[in-house]
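# make a model of this:
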Amino acid sequence: MDYGVLSSYFDGAVAKKLVAVDIDRKRSNQHEFNGTAELRSLFGDDDIRNIPTTFVFLCDDADPLFDHGFTTWYDARRKHPTRTEYRLYYNDSEAIRASRIGDLMVIAPSDEHGLLIVFARQGSNAECQLRWLFGLNEVDDSGFSRSTADDRRIDSIAASILEAIGIEVSLPTSAVTYLDEMVEKFGDSFPKGIEFTRYSISTLGVLDWRSNPDKCLLDCYEREEILFKVFERHLLERDLAPYLRGDLDVDGVLRTTMSAFQRRKSRAGTAFEHQLEYLFKGWGISYSTQPYTEGKSKPDFIMPSIEAYRNPLYPAEKLTMLGAKTTVKERWRQVLEEADRIENKHLITLDVAVSTEYTDSMRRHSLQLVVPRPVFGSYTAEQQSWLMDVGEFCQLLVDKERQ
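Take a look at the predicted model:
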């Protein structure tokens, strides 16, 4: 199951590194981007006034910043018989004011979503992931570069990036067929996390965790993400209906949607931990989940057990600590403060295109990043030579238990 291709969400995209004339008020009082050939390929040759535009600013240490306004595409020399001078005029916004020279800017029009202009802090994870999503390998400040990823299939990981920039993905028809079964099984409320994980994994049939742990883990994650959204949409349609009849009850809508947003955030990490437990059981690996080590430190997994960890006679080199985070951002540093007895720690993630700044720092702090093998391609060649895949990590644990 997937959510279609990137071109079903955008009518192309271009990107560049911001320069002073783009956003510096001392250098640019016109609020305009030069209309290069790449921009003309998106907007055409006719003037387009008041394009509904969503401005988004992304960085790694804060939630996305959204602002809405308008842009205008026009030829400043429309009346000149031979010359053209296309420009994209934008009104001021919080997202633009948060941006700096050197940040990445992506411009992507869509019939359904209007125009999207996204800014990402230079060197951030957000920048790396936007580059990966849109296939922007060569982007600099000399001009716009076109996206090369129109045919990218949108899986659950790519969908999470789209949702971070305000694009709600389309649910696969094949996933909607499970709705009646979920309603019959769970009624009209979400079950406990482990119950939903157990159900979603059951829809995949028999999984060969030993032979292909990387693919199995990704399949479990993607299936649960999709089924969760199908069931969530069903419940939201029911919960929002009373507030949409007659006079719109804005407060009721906000309460319901905020509750849904919080549920999304809280369940993702827990679901990933449950999926990892299936992985470890499939390999016959012993583990303890969420145990206290020192003080209030509570790592996600200790292998082979918290009892072994607390036994001063148990060799430290046979212990393993694994942090589990669906996304990395700055949160990976939390893992460094957990399980003092273990010098070389591990962190597993489903994140694509983690920045080299992060992975270099992980190396310096003796933290090994573990990602599913199918995700390796989003990392640089140098990063890939250092990454550990899921199967390698499981084999490491088996070898330690045999020592």
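# tabulate the CA atom coordinates of stretch 8-24 in PDB.
The C-alpha coordinates for stretch 8-24 follow below in PDB (Å, rounded to 0.1, in the frame of the first residue of the first chain):
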ATOM      1  CA  SER A   8      -0.400  13.600  -7.700                       C
ATOM      2  CA  TYR A   9       0.100  16.200  -5.000                       C
ATOM      3  CA  PHE A  10       2.100  18.900  -6.800                       C
ATOM      4  CA  ASP A  11       2.400  20.200 -10.400                       C
ATOM      5  CA  GLY A  12       6.100  20.200 -10.100                       C
ATOM      6  CA  ALA A  13       8.500  21.900  -7.800                       C
ATOM      7  CA  VAL A  14      11.600  24.100  -7.900                       C
ATOM      8  CA  ALA A  15      14.100  25.000  -5.100                       C
ATOM      9  CA  LYS A  16      17.000  27.300  -4.400                       C
ATOM     10  CA  LYS A  17      19.100  28.500  -1.500                       C
ATOM     11  CA  LEU A  18      18.000  31.900  -0.300                       C
ATOM     12  CA  VAL A  19      20.200  34.900  -1.000                       C
ATOM     13  CA  ALA A  20      20.100  38.400   0.400                       C
ATOM     14  CA  VAL A  21      18.100  39.900  -2.400                       C
ATOM     15  CA  ASP A  22      15.400  37.300  -1.800                       C
ATOM     16  CA  ILE A  23      14.600  38.100   1.800                       C
ATOM     17  CA  ASP A  24      16.900  40.700   3.300                       C
END
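# same question for that stretch, mean pLDDT?
What stretch 8-24 shows for mean pLDDT is 88.
# mind listing what's buried in it?
The neighbour-count check on stretch 8-24 (16 or more other CB atoms under 10 Å) flags Tyr9, Phe10, Gly12, Ala13, Val14, Ala15, Lys16, Lys17, Leu18, Val19, Asp22, Ile23 as buried. For every residue, glycine as well, the C-beta is placed using N, CA and C.
# also stretch 109-120?
Pro109, Ser110, His113, Leu115, Leu116, Ile117, Val118, Phe119, Ala120.
# how about stretch 43-61?
Buried residues in stretch 43-61, counted by 16+ other CB under 10 Å: Phe43, Ile51, Thr53, Thr54, Phe55, Val56, Phe57, Leu58, Cys59, Asp60.
# taking these one by one, which sit in helices?
Phe43 (DSSP state H).
# ranges for the strands of this protein?
Secondary structure of the chain by DSSP state E: the strands cover 14-17, 32-34, 48-58, 65-75, 86-90, 104-110, 114-120, 145-146, 288-289, 301-303, 320-325, 345-349, 367-370.
# and the fifth one, what does it pack against?
Helices and strands touching strand 86-90, by 3 or more CB pairs under 8 Å, 6 or more residues apart in numbering; DSSP states H and E, are strand 32-34, helix 37-43, strand 65-75.
# okay but His365 is in contact with Leu336, surely?
Yes - between His365 and Leu336 there is a contact at 5.6 Å, judged by CB atoms under 8 Å.
# sorry, back to before: most widely separated two among the buried residues of stretch 8-24?
Tyr9 and Val19 (27.8 Å; CB to CB).
# same list (the strands of the chain) but as CSV, adding distance to Asp214.
Converted to CSV, the strands of the chain look like this (distance: least, CB to CB, whole Å):
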stretch, distance to Asp214
strand 14-17, 30
strand 32-34, 42
strand 48-58, 28
strand 65-75, 35
strand 86-90, 43
strand 104-110, 30
strand 114-120, 28
strand 145-146, 32
strand 288-289, 21
strand 301-303, 18
strand 320-325, 15
strand 345-349, 11
strand 367-370, 10
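# Gly269 is nearest to which of these?
strand 320-325 (6.8 Å).
# and the angle from the closest one to strand 345-349?
Relative orientation of strand 320-325 and strand 345-349, computed by axes from the mean of the first three to the mean of the last three CA atoms, to 10 degrees: 30 degrees.
# any idea how this protein splits into domains?
Domain assignment for the chain by automatic domain parsing gives 6-164, 173-283, 288-402.
# and the longest one, how far out from the chain's middle?
When you say that, I think you mean domain 6-164. 19 Å (CA atoms, centre = their mean, to the nearest Å).
# check stretch 247-255 too.
29 Å.
# contact partners of it?
Leu240, Pro242, Tyr243, Leu244 (CB atoms under 8 Å, 6 or more residues apart in numbering).
# so the first one touches Thr256, yeah?
Okay, so that is Leu240. Yes - contact criterion CB under 8 Å: Leu240 and Thr256 qualify, at 5.6 Å.
# neighbour count for those two, which is higher?
Thr256 (18 against 15; other CB atoms under 10 Å).
# related to what we said a few turns ago, which one of the strands of the chain lies nearest to Glu232?
Closest among the strands of the chain, using CB to CB: strand 65-75, at 21.0 Å.
# neighbours around Asp340, how many?
13.
# err, Glu401, not the other one
14.
# could you find the closest non-adjacent residue to it?
In space, and not counting its chain neighbours, Glu401 is closest to Pro304: 6.0 Å by CB to CB, 6 or more residues apart in numbering.
# which pLDDT value goes with that neighbour?
97.
# just checking, it touches Arg402?
No - contact between Pro304 and Arg402 fails when scored by CB under 8 Å: they sit 11.2 Å apart.
# what about those two, which has more around it?
Between Pro304 and Arg402, counted using other CB under 10 Å, Pro304 has the larger neighbour count: 18 against 6.
# and the more buried one, how far from Gly284?
For Pro304, the distance to Gly284 (CB to CB, to the nearest Å) stands at 11 Å.
# please apply the same query to Leu18.
52 Å.
# ok, now Asn137?
42 Å.
# what's the weakest-modelled helix or strand in the chain?
Least confident helix or strand, the chain: helix 20-23 with a mean of 80, by mean pLDDT, DSSP states H and E.
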